[in-house]
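> dropping a prediction and its sequence here:
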Amino acid sequence: MSWHLDVDRGRQVWRWDEKPEPNPSMVDIHHLNLKPPGTVCPPGCTMTPADSPIQAARKGIQYMSAVQCESGHWAGDYGGPMFLLPGLVITCYVTGYKLHPKQIEEMIRYLLTRQNKVDGGWGIHVEAQSDIFGTALQYVSLRILGVPADHPAIVKAREFLHANEGVLGIPSWGKLWLAVLNVYSWDGLNPVPIEMWLAPYWLPVCPGRMWCHCRMVYLPMAYLYARRVSAKETPLVLALRKELYTKDQPYEKVYWPSMCNKISPLDNYSPNSTILKMVNGVLWYYEKVHWGWLRRRAIDFTYDHIKYEDEQTKYIDIGPVNKTMNMLCCWDREGDSPAFRKHGERLVDYLWLAPDGMKMQGYNGSQLWDSAFWIQAVAESGLGNEFVDSLRLAHHYLEITQVPYNTPNMKQYFRHISKGAWPFSTVDHGWPISDCTAEGTKASLALRQFSFIYPSAAQFGSSSTSEAIYPSQVPGASATPPPVAGSRDLLTPITDARLMDAVEVMLSLQNPSGGWASYENTRTGGWLEAINPSECFSNIMVDYPYVECSSAVIQAFCMIRKMIPDNPRMKEINESIRRGVAFMKSIQRPDGSWHGSWGVCYTYAGWFGIEGMIAAGVPPSDPAIVKACKFFLSKQREDGGWGESYLSCVKREYIQHPETSQIVNTAWVVLSLMAAHWPDRTPIERGIRLLISRQYPNGDFPQESIVGVFNFNCMISYSNYKNIFPVWALGRYHNTYLKAKM
């Protein structure tokens, strides 16, 4: 009996096999720690520790080549947030959708493993302090999954809740999930006005102007609130009503309207503004007198948008929160319909099995994102010709993941163009993202140096071709199979015309400020943040321009103008680069740093800032680059590395990691200093020594602290970063300084 990662065109599904597997794959061994980390020797590798940067890079590439998936990508753990799995568990309970017993077993193991052993609670993410949001949702999840009320972990969690006034202070997202479970009253929520979705687009508060992740969550939330979708009163629901509340304020005696704005100090990261409280007051009265005909129209309107999102993403949806909520809406509207069953079939896309158990990921994976970075790391190492089969397979994944179409009726459903973009994960998911498109473009161009992928430049075609050809769009065409190991058959090329489609997407996403946001343009003003109702996340209302996205696109454009100099968009590309650099300089802090919005934190953003400016031709002597490098040097630790706490993201200031240097932070900084041609090699060499010292003899690296973030307050895992960025830094060091042995 064993678990196995099943992969199809990037889709990742952990499947249980009743038959034991005597020879598990390297992929399964790697992700499940079936053998202790660092002890498995991949083909072609030895267990002799590396003693030089290039040897360490080679061992790292050997190891990662051995754990590459058959689709060509690298799978990884994209977990971390603790509020995701409860949404899935509650949805399955309410709708009656059955999970596999082994999935339930692993979910329980995960939740118990991640419990704070000191106070019995859980936080918003795996490294956070305990709060009500995390504790209440994990508590009800464990009870739904079959853990009894007298289990020691449940007892301790209940003690934590009761010491903090029960679940009454849970943030609004938690209030909604508990209301769906029927253990909290809908009257205890601030209104989620579904009629707002009928607002015309010219209004600045039209939901279509919000950041797509925000609007795609509040879309089903509005439906669920309007319909008051709730579980039946089962014995478990009645028991939870007793367990979640204190003796002083039992469920039956709560005056629910007074709970709308009650948020525990443990959770209130982004307090409701005075304006929002006033708006909620007006909406509360509106709820009493709303027009039935208008509400019915709004319900129909929102469900149409929900269906559109489901169908365009093949029922994956943009993320795990709206995935489970959309499934719940589908059940409420259609019952056990074909659409509901399609939803159920896609739940497994979000479930990831790891040594700590089964979790729900923050996306259906980071397949394209991780793979694009890894391709660039290998290409820059100078070792690519030693890993022919691996890079050919990686090229295959890039090729099949580029989005070949725009979604229909884009304007009606508030969607941006997507043809030619690369998504974060898989082509089935399909949402276009600026920096993913940029990294996909960069990786595609980096692979052009290898004759075993492109034997002839004629394969690139012409950038002036009016219509790019995507094999998957050819009528009757079947999915392109991955290349066979050892084969040298021609691969389907990513042509110049296809890259110009990507350029079109990236040009269209640049904002008047010169910067790039994530999925779409910045569609409204930052003032909208005043009505951010989440309490526990910051900057969720607007898709802001970011240094990371801006740098990635600038780097991609610089590669395009170098490698496709005759492209018809050159004038626009040059002007776009100029404006992008000006934007990055404008948001640099006085101390030379940039705040990271997608990684921890100043080391991550600084890497992007420096790389982007250097790629654009900004001289290393430019004050912006010098200041950025000096900021990094001021943070180097005694062991030669850099280590940044996730609290840097939360508190918006650089906070040293409480334990030791971190290999990922260290790699980002040494990559930055090398890109900037910092004249003193000593701090760079010290960082490189630390990376080599941390590498396992088999080429793998240890998993350290969490390195991803979103909305300032929630961290997320990127388990492949520990392999990608150290190898990238080691390869660059060798090629920059030609120092074979340290």
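Everything's here; your move.
> so, low pLDDT: which residues of the chain?
Residue ranges of the chain with pLDDT under 70: 1, 466, 472-479, 738-742.
> quick one: the strands in it?
Secondary structure of the chain (DSSP state E): strands at 2-8, 11-17, 351-354, 357-360, 708-710, 714-716.
> what's the most buried one of those strands?
Mean neighbour count (mean count of other C-beta atoms under 10 Å) peaks for strand 714-716 among those, with a mean of 25. (C-beta placed from N, C-alpha, C; glycine too.)
> which other helices and strands does that strand contact?
Counting contacts by 3 or more C-beta pairs under 8 Å, 6 or more residues apart in numbering; DSSP states H and E, strand 714-716 packs against strand 708-710.
> so how far is the strand it packs on off the chain centroid?
7 Å (C-alpha atoms, centre = their mean, to the nearest Å).
> tally of neighbours for Ser508?
14 (other C-beta atoms under 10 Å).
> list the contacts for it?
The contact partners of Ser508, by C-beta atoms under 8 Å, 6 or more residues apart in numbering, come to 416-417, 521.
> out of the residues you listed, who's nearest Trp598?
Among these, Asn521 lies closest to Trp598 (C-beta to C-beta), at 17.9 Å.
> quick check: the closest one vs Phe160, distance?
Relative to Phe160, Asn521 is positioned 43 Å away (C-beta to C-beta, to the nearest Å).
> again with Arg114
14 Å.
> for the closest residue to Lys722 other than its chain neighbours, what are its contacts?
Using C-beta to C-beta, 6 or more residues apart in numbering and skipping the chain neighbours, the partner closest in space to Lys722 is Phe701 (4.5 Å). By C-beta under 8 Å, 6+ apart, Phe701 lies in contact with 60, 663, 694-695, 722-723, 726.
> redo that, cut-off 7 Å
For Phe701, the contacting residues are 663, 694-695, 722-723, 726, by C-beta atoms under 7 Å, 6 or more residues apart in numbering.
> distance of the closest residue to Leu240 other than its chain neighbours from Glu243?
Setting aside the residues directly before and after it, Leu240 is nearest to Val183 in space (C-beta to C-beta, 6+ apart), at 4.6 Å. Distance, Val183 to Glu243, by C-beta to C-beta: 9 Å.
> Phe632 now?
50 Å.
> more crowded one of those two?
Applying other C-beta under 10 Å to Phe632 and Glu243 shows that Phe632 carries more neighbours, namely 27 against 20.
> how long is stretch 242-251 from one end to the other?
Counting by C-alpha to C-alpha, to the nearest Å, you get 7 Å between the two ends of stretch 242-251.
> pull the residues that contact the longest helix seen in the chain.
Across the chain, the longest stretch assigned as helix under DSSP state H is helix 292-312. For helix 292-312, contacts defined as C-beta under 7 Å, 6+ apart pick out 194-195, 197-198, 216, 219-220, 222-223, 226-227, 317-318, 326, 329, 333, 339, 407, 413, 430.
> which of these count as buried?
Listed as buried from the contacts of helix 292-312 are 194-195, 197, 216, 219-220, 222-223, 226-227, 317-318, 326, 329, 333, 339, 407, 430; burial here means 16 or more other C-beta atoms under 10 Å.
> re earlier: tell me the one of the contacts of Phe701 nearest Asn261?
Using C-beta to C-beta, these come closest to Asn261 at Lys722, 41.8 Å.
> run through the residues that contact that closest one.
Lys722 sits next to 663-664, 701-704 when contact means C-beta under 7 Å, 6+ apart.
> run the last query once more with 10 Å
60, 76, 662-664, 667, 694, 700-704, 707 (C-beta atoms under 10 Å, 6 or more residues apart in numbering).
> likewise for Tyr454?
395, 447-448, 460, 490-491, 493-494.
> mark which of these are buried, thanks.
Using 16+ other C-beta under 10 Å, the buried ones in the contacts of Tyr454 are 395, 447-448, 460, 491, 493-494.
> settle this for me: Glu105 is touching Leu112, isn't it.
No: Glu105 lies out of contact with Leu112 (C-beta atoms under 10 Å); the separation is 11.0 Å.
> joint contacts of these two?
Counting by C-beta under 10 Å, 6+ apart, the common neighbours of Glu105 and Leu112 are Gly357.
> for Phe701, grab phi and psi.
phi -130, psi 150 (degrees, to the nearest 10).
> next one: Asn698
phi -90, psi 0.
> any idea what Asp17 is bridged to?
Legend: beta-bridge partners of Asp17 under DSSP bridges are Ser2.
> how close does it get to His4?
6 Å.
> now swap in Pro20 and tell me
The value you get for Pro20 to His4, if C-beta to C-beta is used, is 11 Å.
> if we can go back for a sec, and the residue nearest to Leu240, how many neighbours?
Using other C-beta under 10 Å: Val183 sits among 26 other residues.
> wait, it sits on Leu238?
Yes: look at Val183 against Leu238 with C-beta under 10 Å: they come within range, at 9.0 Å.
> overlap in contacts of those two?
Contacts common to Val183 and Leu238, judged by C-beta under 10 Å, 6+ apart, are Tyr251.
> quick one: which of the contacts of Lys722 sit in helices?
60, 663-664, 667, 694.
> of these, closest to Ile625?
Each of these was checked against Ile625 using C-beta to C-beta; the closest is Ala667, at 18.8 Å.
> excluding chain neighbours, what is closest to the closest one?
According to C-beta to C-beta, 6+ apart, the nearest residue to Ala667 is Phe725 (3.6 Å).
> ok, Phe460 next?
Sequence neighbours aside, Asp496 is the residue nearest to Phe460 in space, at 4.9 Å (criterion: C-beta to C-beta, 6+ apart).
> if I look at that neighbour, how far off is Gln459?
In terms of C-beta to C-beta, Asp496 sits 10 Å off from Gln459.
> same check, this time on Ala667
Distance from Ala667 to Gln459, by C-beta to C-beta: 33 Å.
> comparing those two, which residue is more hemmed in?
Ala667 (30 against 16).
> got the contact list for that one?
Here Ala667 is in contact with 377, 603, 607, 641-642, 687-688, 690-691, 701, 721-722, 724-730, 732 (criterion: C-beta under 10 Å, 6+ apart).
> how deep is the closest residue in space to His734 that isn't next to it in sequence tucked in, by neighbour count?
Beyond its immediate neighbours in the sequence, the residue positioned closest to His734 (C-beta to C-beta, 6+ apart) is Ile54, lying 4.2 Å away. Neighbour count for Ile54, taken as other C-beta under 10 Å: 20.
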